[in-house]
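>>> Turn this into a structure:
(one chain, ligands or ions: 1)
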Amino acid sequence: MDIKEELEELKKKVSVEIDKSSSVDLIENIRVHLLGKKGDLTKILKGLKDLDPREKPVVGQMANKIRTQLETMISQKKHILEENKLDAQLASEKIDVTLPGETFQIGTKHVLQQIQDQIEDHFLSQGYQVMYGREIETDEYNFERMNLPKDHPARDMQDTFYLTPNVLLRTQTSAMQARAMDKHDFSTGPLKMISPGKVYRRDNDDATHSHQFHQIEGLVVGKKITLADLKGTLQALTDELFGKGHAMRFRQSYFPFTEPSLEVDISWNTVDKNTASQDIEWIEVLGAGMVHPNVLKMANIDPEEYSGFAFGLGPDRFAMIKYGIDDIRNFYLDDLRFLKQFCQVGE
Ligand code: FA5
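Model (predicted):
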């Protein structure tokens, strides 16, 4: 067989193979076997060098033509096979939107967040602004600006976790009082704010104490603010949360940043586990008082002209009273049997 016949033979053989090939991989295989370095066409063309010099250009031209024809056939077939493959894939992945979907468990607000939201809504409706503070605070704002200089004995009651000697996990949302006073422009009217968030203390955990809990700070500073305003504000809050006239008890107390200072207890019904007899107890829910003149002075506010009240309440304990929960640790155990009792309707 001379070289021209070989080329014709190759064209016929490869055309049939292309026709028969049923996958992109097979067609790619044909291309490599035909045109690769050791491919059939390359092998035949090596014989060109032994040809009569007059025949070389004729055979060369013929070889190029066959090569182009086969390449075109390969790429057309490859295109068809790729399209078929995509069609098959699309058909197999078709989604039936009428099939019933999988059900997901959707989370709901934690009971503590629910209480916080209710308290925020109450104060927003009274014209307060809500300011979220930082859990990592400086000694300056957590203690010093609250009239608790270094070595003040009242610091002992609020030992905490220190990141550096001057940076700590805040022990009270009161840290936001000074930040709010620094920021407020008193020419626009009184400052009325609440500040909710987590606080931390080196307290031993028990039924009513946790080393991490929540507080909501309240602060009003303006002209002619009195203790009566504070009492009325707290009464309005408890009326809304627990129903009008729910028993509250004001007790004299001490905080370095308020003068006078007081603590507020709320009554709650307890049931003796052994005898099932019901009793009424008091639980302390907040500390409060009139803002100490030193605290106002440190914020460059004249205590002769301005006065204010502040309170720091524990929403965890509010939730305990509202829902009859006898152990604060339940809030932090992530036990779904406990948490599911407080799923809001529709969630
Ligand atoms: C304070 O933290 C003051 N900053 C409150 C305050 C603000 C007074 C503004 C005056 C003016 P006290 O340590 O008592 O005070 O905490 C306030 C409330 O936080 C308590 O009444 C209680 O409801 C809650 N609380 C305190 N310690 C814990 C604890 N370990 N676990 C859960 N709740 C707590």
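
>>> tally of neighbours for Val285?
22 (other CB atoms under 10 Å). Placement of C-beta: from N, CA and C, glycine included.

>>> measure it to the ligand for me?
5 Å (CB to the nearest ligand atom, to the nearest Å).

>>> do you know how far that residue is from Gln212?
The spacing between Val285 and Gln212, counted by CB to CB, to the nearest Å, is 18 Å.

>>> ok, now Thr103?
Thr103 is 34 Å from Gln212, by CB to CB.

>>> quick one: which of the two has more around it?
Gln212 (16 against 6).

>>> partner residues bridging the more buried one?
Listed by DSSP bridges, the beta-bridge partners for Gln212 are Tyr200.

>>> Now the lowest-mean-pLDDT helix or strand in the chain: buried residues?
Taking mean pLDDT, DSSP states H and E as the measure, the helices and strands of the chain show their lowest mean at helix 40-46, namely a mean of 84. Within helix 40-46, the residues that count as buried by 16 or more other CB atoms under 10 Å are Asp40, Leu41, Ile44, Leu45.

>>> Closest one of these to His79?
Leu41 (21.4 Å; CB to CB).

>>> Counting neighbours, what do you get for the closest residue to that closest one other than its chain neighbours?
In space, and not counting its chain neighbours, Leu41 is closest to Leu34: 5.4 Å by CB to CB, 6 or more residues apart in numbering. Leu34 has 20 neighbours, counted by other CB under 10 Å.

>>> Give the burial count for the residue in the stretch 201-347 of the chain that the ligand sits nearest to, as a bare number.
When distances are taken as CB to the nearest ligand atom, the stretch 201-347 of the chain approaches the ligand most closely through Gly314, which lies 2.3 Å from it. Other residues within reach of Gly314 by the criterion other CB under 10 Å amount to 22.

>>> before we move on, what about the one 10 residues further on?
Burial of Gly324, expressed as a neighbour count using other CB under 10 Å, amounts to 11.

>>> Please read off the pLDDT at it from the model.
In this model, Gly324 is scored at 87, pLDDT.

>>> circling back to that earlier point, contacting residues for the residue of the stretch 201-347 of the chain closest to the ligand?
When contacts are counted by CB atoms under 8 Å, 6 or more residues apart in numbering, Gly314 is found next to Phe213, His214, Gln215, Val285, Leu286.
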